[in-house]
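Asks: here is a sequence with its predicted model. Questions after.
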Amino acid sequence: MFLLPFHVIGCSHQHNDMDAVGRLRVVPAELPAQLLALRALGIPAVLVSTCHRTELYWWGDHDPAVWFGALLSEHGVSDVRLEHKHADLAVRHLFAVAAGMCSVRFGEPEILGQVRRAWSTSHKAGATSPMIDCVFRHAVDAARHMRAAIGTPASDSLGMRVRDALHELVKARVHVPIGYDASAPLHVLLVGAGEAARSVVLALREGREVGAPVIRVTSRTDSRAESLANAHGAAHVLWREREQAMSTSDVVIFAAHSTTPIVTAVQACALLREREAPTIWIDLGVPSNVGSGAELPASVQYVDLEGLAMYAGETLHAADVAARATIALQRELARFAGVINRRQLGARLALLEQRAVVAARAALESHTLSAGTESSAEQAADVMVRRVTRLLLRELTALSA
């Protein structure tokens, strides 16, 4: 699909002993020094290192095999099988890793956060480049889209699984205070406005198992939340008013992309101090949007991505899940290829414009010198058009080759 100087070298649990791979892990405190050593060699890179894989992704024509070998020796690891992938195969591998398709447990959610943190660490250390940032940015977005499409770990779409879980949670509610109207519509607050949030809104609007919930949407980017709410008949809550909305909602569904918790257990206790009615918090964040879920008030029934699996309906066979994931992966790769092609075409057109200006000026000067002062504007324009047209035809032929 695209030939990019993007590469990966590494080892993982898929082809090696788990103990050896675990020993190779580079702890976060060591990452900046390792990455800057690579950058000093002219290699912009991101090092993804977990208990199950250590992989170096880099951009350019360099070969960091010697550096990676030194890393193996430093950690006392030998006799491991290293994998090398290049160009579109390396991009495909990164997308699949970020979406959990290469994890010990298919669809495992934590890896997306690990990939994003590895990229963030490299970027903050000044060890990346604009193009490698572009690849990782699209990999993270692709993984989010894929998880929303195939579910986590996967049976229905993520939104449908949230809807089914909510139905079961509402039916099983206990400790309802006296005077609480269980038949009233659920007031649902959705925190986030990305693909996961969109999937949830669609599922809640289509389903009837939990009645007709009153849905409100909030996000750190108010315009995105307002757009999502308007598109699906929901209400928009300003981000600065989110805490009040959390305290009055029967259900809060967290689906924001954040490296730090949206709300901590301490904040939750303060928000819900006056609330007697039960509330359900469903956390879809990777990493979690809610800090210390086990320490939330007793009135909160908290469900994270792992707990969501308990409420799955009919489970798909492993082959069906893999097939659905592969289709989603191909779709995201095609989307990325379109972005790269447009980016490359834009750069090519800018260069072509410069060359056309040079060709036009040269044609005008040449015609003026040969024709003397009697040269007309019409003749000069004709010469310029012919020369620039020939240049364009050569470029178009090269692009279509």
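Replies: Received, thanks.
Asks: look up how far Ala87 lies from the residue nearest to Ala65 when sequence neighbours are not counted.
Replies: Nearest residue to Ala65 in three dimensions, chain neighbours excluded: Ile9, at 6.5 Å (Cβ to Cβ, 6 or more residues apart in numbering). In short, each C-beta sits where N, CA and C put it, glycine included. Note on Ile9: its distance to Ala87, by Cβ to Cβ, to the nearest Å, is 14 Å.
Asks: compare these two (neighbour count), which wins?
Replies: Neighbour count, other Cβ atoms under 10 Å: between Ile9 and Ala87, Ile9 has more, with 21 against 14.
Asks: secondary structure class of that one, three-state.
Replies: Using DSSP: H, G, I helix; E, B strand; the rest coil, the structure places Ile9 in strand.
Asks: now it, which residues is it bridged with?
Replies: Counting by DSSP bridges, Ile9 forms beta bridges with Leu56, His84.
Asks: could you do Leu189 as well?
Replies: The partner residues for Leu189, given DSSP bridges, come to Arg216, Val252.
Asks: who are the neighbours in contact with it?
Replies: 216-218, 237, 242, 245-246, 249, 251-253 (Cβ atoms under 8 Å, 6 or more residues apart in numbering).
Asks: which among the residues you listed gets closest to Glu110?
Replies: Ile253 (19.6 Å; Cβ to Cβ).
Asks: what helix or strand is the closest residue to Ser103 other than its chain neighbours located in?
Replies: The shortest distance from Ser103 to any non-neighbouring residue, by Cβ to Cβ, 6+ apart, is to Ile111 (5.4 Å). Element membership of Ile111, judged by DSSP states H and E, is helix 110-124.
Asks: mean confidence for that helix?
Replies: What helix 110-124 shows for mean pLDDT is 87.
Asks: ditto for stretch 271-286
Replies: Mean predicted confidence for stretch 271-286 is 83.
Asks: quick one on the thing from earlier: show me what contacts the residue nearest to Ala65?
Replies: So Ile9 contacts 55-56, 64-65, 68, 82-84 (Cβ under 8 Å, 6+ apart).
Asks: can you do 7 Å?
Replies: Ile9 sits next to 56, 64-65, 68, 82, 84 when contact means Cβ atoms under 7 Å, 6 or more residues apart in numbering.
Asks: how much space between it and Ser299?
Replies: Counting by Cβ to Cβ - Ile9 and Ser299 are separated by 51 Å.
Asks: hang on, isn't Trp67 packed against Ala40?
Replies: No - at 10.7 Å, Trp67 and Ala40 do not qualify as touching, with contact defined as Cβ atoms under 7 Å.
Asks: more crowded one of these two?
Replies: Of the pair Trp67 and Ala40, Trp67 is the one with more neighbours under other Cβ under 10 Å, namely 18 against 9.
Asks: helix, strand or coil for the nearest residue to the more buried one once chain neighbours are set aside?
Replies: Sequence neighbours aside, Leu38 is the residue nearest to Trp67 in space, at 6.4 Å (criterion: Cβ to Cβ, 6+ apart). Three-state call for Leu38 (three-state DSSP): helix.
Asks: tell me how many other residues crowd Leu38.
Replies: 21.
Asks: tell me which residues touch it, please.
Replies: Taking Cβ under 7 Å, 6+ apart as the test, what Leu38 contacts is 45, 64, 67, 127.
Asks: need the contact list for the closest residue to the last one other than its chain neighbours.
Replies: Translated: Ala127. Excluding the flanking residues, the one nearest Ala127 by Cβ to Cβ, 6+ apart is Leu35, at 3.7 Å. Shown in contact with Leu35 (Cβ under 7 Å, 6+ apart): 45, 47, 122, 125, 127.
Asks: domains for the chain, by residue range?
Replies: 6-150, 158-311, 359-401 (automatic domain parsing).
Asks: mean pLDDT lowest where, among the ones you listed?
Replies: Looking at these, the bottom one is domain 359-401 with a mean of 63.
Asks: Leu169 sits in which helix or strand?
Replies: Here Leu169, judged by DSSP H and E, is contained in helix 158-171.
Asks: check which residues of that helix are buried.
Replies: 158-167, 169-170 (16 or more other Cβ atoms under 10 Å).
Asks: same list (these) but as JSON lines, adding distance to Ile327.
Replies: Formatted as JSON lines, the buried residues of helix 158-171 follow (distance: Cβ to Cβ, whole Å):
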{"residue": "Leu158", "distance to Ile327": "16"}
{"residue": "Gly159", "distance to Ile327": "18"}
{"residue": "Met160", "distance to Ile327": "17"}
{"residue": "Arg161", "distance to Ile327": "18"}
{"residue": "Val162", "distance to Ile327": "21"}
{"residue": "Arg163", "distance to Ile327": "22"}
{"residue": "Asp164", "distance to Ile327": "22"}
{"residue": "Ala165", "distance to Ile327": "24"}
{"residue": "Leu166", "distance to Ile327": "27"}
{"residue": "His167", "distance to Ile327": "27"}
{"residue": "Leu169", "distance to Ile327": "30"}
{"residue": "Val170", "distance to Ile327": "32"}
